[in-house]
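Asks: give me the fold of what follows.
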Amino acid sequence: MRVIAICSVCCAVIVHSAGGVGPIAAVPVHGRGLDRVVLPQLTPAGGSGRPGRPVSPQHDGSRGRSGERKRNTRMELDRASRLVRDRRFGEAIVILERLLEKYPEIAAAAELLSTSYLRAGRPNDARRLLENMLLRNPDSFTFIRNLGHAYLDLGQKDKAIEVWNRILRDDVNYAGYYGLIARLEKEAGLYEEALDVLRRGRRFEKHFGRYTMEIVKLERILGRERAAFREGLFFLARTKDPGIGQAGVIFDIFRDNGAPVEYLAEIDSVMLHAGKQHRSLFRMLASLLMVEASAYDEASAYRDGKGGEPPGERELYEFVNRLSGMKHRSGDEAFERFFLQSLDGYWERYGTSNSAPGVLLMMALQARRLAWGAAGPPDHSLLERAVQFADSVKRHPWGVPFRAKASYVKAVILMDDMHRPERALETLRGVRFQGTDMIRRVEELRLRALIASCGWEEAAKHLDALAAADDTVLAALARYGSGQVNFYFGNYEKAVKELSEFAERHAWSAWANNALETAMMTRKALLEGAEPLDLYRAALLEEAAGNTHAAVDSLDGLRMRFPRSVLVPRARFKRAELSAGLGLGESAGREFIDIAEAYPLHDLAPRALERAAELAELDRPAEAARRYGEILERYPRDPFLERVRNRYIALRKRIDGSSDDGGKH
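Replies: Take a look at the predicted model:
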């Protein structure tokens, strides 16, 4: 039997008989033996191979006998195959031995019989059969595979390795067999032998990448992590036109082993012999690994050209993209600053590139994140930089595809971070946004900005336009917005009616919960008269316009003049939020705790404990963990319990890790 092809999908080896039979088997090679049997079309040599072809009258007798033989053989093989699938190996062996005695040239029967012998615990019978069959079919992979397993079962490991390696040739047409043999040896636990086969096989260029990645996996199985790291670098060094995206396994190894900085010596060694493009890639890779190790000075040195010239545009662009995906570093102020510096570096070197607008947009978002990095009020200078970056996107000659998104980002910063609703509205005006999701976000932002700026007439026109939209979500936003406008305008009764109806009819909406909460709060507060609501509403409007101190005065006035109002818990919560925003985190934390203790059954109680925990996380992690634990214990039905639990688990890991390192908390 000779091999003619290997299926690229299931790795089945398609074989031809050496006798008078055509294509007779497609034998899967996954695992030991046959997991399933694909039965052959038994076609006499020289036949058409097409079942059902009419028989010529002049050859009716011989063709009839041949057809009968083929049908009988097919039936016997079908029957044996079913028995093997049912694990009735003894019965299958009887049928197959009888069949091979009559037709010894049918390789498919021999393959199935050898598998049955192995499954039935008769490796010596399998060995005798297979050694005989290989005399006729010396290149049959299935026979070679099964004979190796027979030797293993007989305790003859060296013979198994010898027979498996018999099929390997210094010929590109046999390159695929190196992977198959390595898989057999790996499954048999012969890892060193599999490594040797893969190293020999990767000299064929077509298989270099796949075989090298298999070597990396085996080195990791053997616990030789640094060797696996070195092989990953070798893969990149030999890859034509490589990129950071192909270094995933290197990041995995480095991170899984606790970011060992001594591994960087391997990269320094590779860089000595690498070409210019590869050197640039390896420097960016080393910088990213130093970021993983929180060694930002070293990361900066590699990024800026340690050991050679500065990075090329492609490498630096891939570098900042990789940084943008490091979500696990989010909140680390040192990382956020390093990221922004890297973006600045790209902009300085390659500001005229067609990729620059995308980087500028990242710079705007990163400057915004960094502005809110520490507890306390945001860094307004960084917010101003974020706005400038967004403006630069719109002015850039390659910035047309990014202009709408840049306008949205700028408007969000102006509205939510800098509390300048009029400027936010001006930024959105005249910009054509595309995409259903983007349009919805923009219209919601525009509505909030109109309310915050008290632009009631323009808000009414905007709501009319939304109500006429074909988009059901925008139409729902119009109804929700009408209730919100009436609340902030002081039409409380109408607001309660509209918001209640909205929550009932649009329970699917993202605004339904807020609508219901506002309606219920307003209905209860109206029982006390409109004046407490007026003070609370005024505070919300002042906050939205950026007048924090005026908002605080309104909230303090509400608490002092109406100490028994149902709005007092909300006024105190909002007051604590504003204090935190002013940088008075410790005072705000105490106020949140007081709120939770004074109103333990209020729906704001778990949120107050959560905010107190958030404010304590940086400097007092043990206290923060205790607060999260209180929520988990006291409020098991809290709708945000999963978020609280995740924060608690992450914080406990941080505390326990600090304890292991001898840290204090």
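Asks: how many neighbouring residues does residue 101 have?
Replies: Residue 101 sits with 8 neighbouring residues when counted by other C-beta atoms under 10 Å. The way it works is simple: take the backbone N, C-alpha and C, and place the C-beta from them, glycine included.
Asks: what's the separation between it and residue 113?
Replies: 11 Å (C-beta to C-beta, to the nearest Å).
Asks: just the strands in the stretch 251-400 of the chain please.
Replies: Along the stretch 251-400 of the chain, counting by DSSP state E, counting those that start in this stretch, no stretch forms strands.
Asks: show me where it has its helices.
Replies: Counting by DSSP state H, counting those that start in this stretch, one finds helices in the stretch 251-400 of the chain at the ranges 264-273, 276-292, 296-303, 313-324, 333-350, 356-371, 380-395.
Asks: Serialize those to JSON lines and add fields for distance to residue 652, mean neighbour count and mean pLDDT.
Replies: Shown next, in JSON lines, are those (distance: least, C-beta to C-beta, whole Å; neighbours: other C-beta atoms under 10 Å; pLDDT from 0 to 100):
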{"stretch": "helix 264-273", "distance to residue 652": "31", "mean neighbour count": "15", "mean pLDDT": "87"}
{"stretch": "helix 276-292", "distance to residue 652": "22", "mean neighbour count": "23", "mean pLDDT": "89"}
{"stretch": "helix 296-303", "distance to residue 652": "26", "mean neighbour count": "19", "mean pLDDT": "91"}
{"stretch": "helix 313-324", "distance to residue 652": "28", "mean neighbour count": "20", "mean pLDDT": "90"}
{"stretch": "helix 333-350", "distance to residue 652": "22", "mean neighbour count": "18", "mean pLDDT": "90"}
{"stretch": "helix 356-371", "distance to residue 652": "25", "mean neighbour count": "23", "mean pLDDT": "91"}
{"stretch": "helix 380-395", "distance to residue 652": "32", "mean neighbour count": "19", "mean pLDDT": "93"}
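Asks: need the ones you listed in TSV with distance to residue 427, can you?
Replies: Formatted as TSV, these follow (distance: least, C-beta to C-beta, whole Å):
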stretch	distance to residue 427
helix 264-273	45
helix 276-292	33
helix 296-303	33
helix 313-324	24
helix 333-350	22
helix 356-371	12
helix 380-395	9
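Asks: closest to residue 537 out of those?
Replies: helix 380-395 (26.8 Å; C-beta to C-beta).
Asks: dump the C-alpha coordinates for that closest one into PDB.
Replies: Extracted in PDB, the C-alpha atoms of helix 380-395 (Å, rounded to 0.1, in the frame of the first residue of the first chain):
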ATOM      1  CA  HIS A 380      -8.000  69.600  33.900                       C
ATOM      2  CA  SER A 381      -4.700  70.200  32.100                       C
ATOM      3  CA  LEU A 382      -4.800  66.600  30.800                       C
ATOM      4  CA  LEU A 383      -8.500  67.000  29.900                       C
ATOM      5  CA  GLU A 384      -7.600  70.100  27.900                       C
ATOM      6  CA  ARG A 385      -4.900  68.100  26.100                       C
ATOM      7  CA  ALA A 386      -7.400  65.400  25.400                       C
ATOM      8  CA  VAL A 387      -9.600  68.000  23.700                       C
ATOM      9  CA  GLN A 388      -6.600  69.300  21.700                       C
ATOM     10  CA  PHE A 389      -5.800  65.800  20.500                       C
ATOM     11  CA  ALA A 390      -9.400  65.300  19.300                       C
ATOM     12  CA  ASP A 391      -9.200  68.700  17.500                       C
ATOM     13  CA  SER A 392      -5.900  67.600  15.900                       C
ATOM     14  CA  VAL A 393      -7.700  64.500  14.500                       C
ATOM     15  CA  LYS A 394     -10.200  66.700  12.700                       C
ATOM     16  CA  ARG A 395      -7.600  68.900  11.300                       C
END
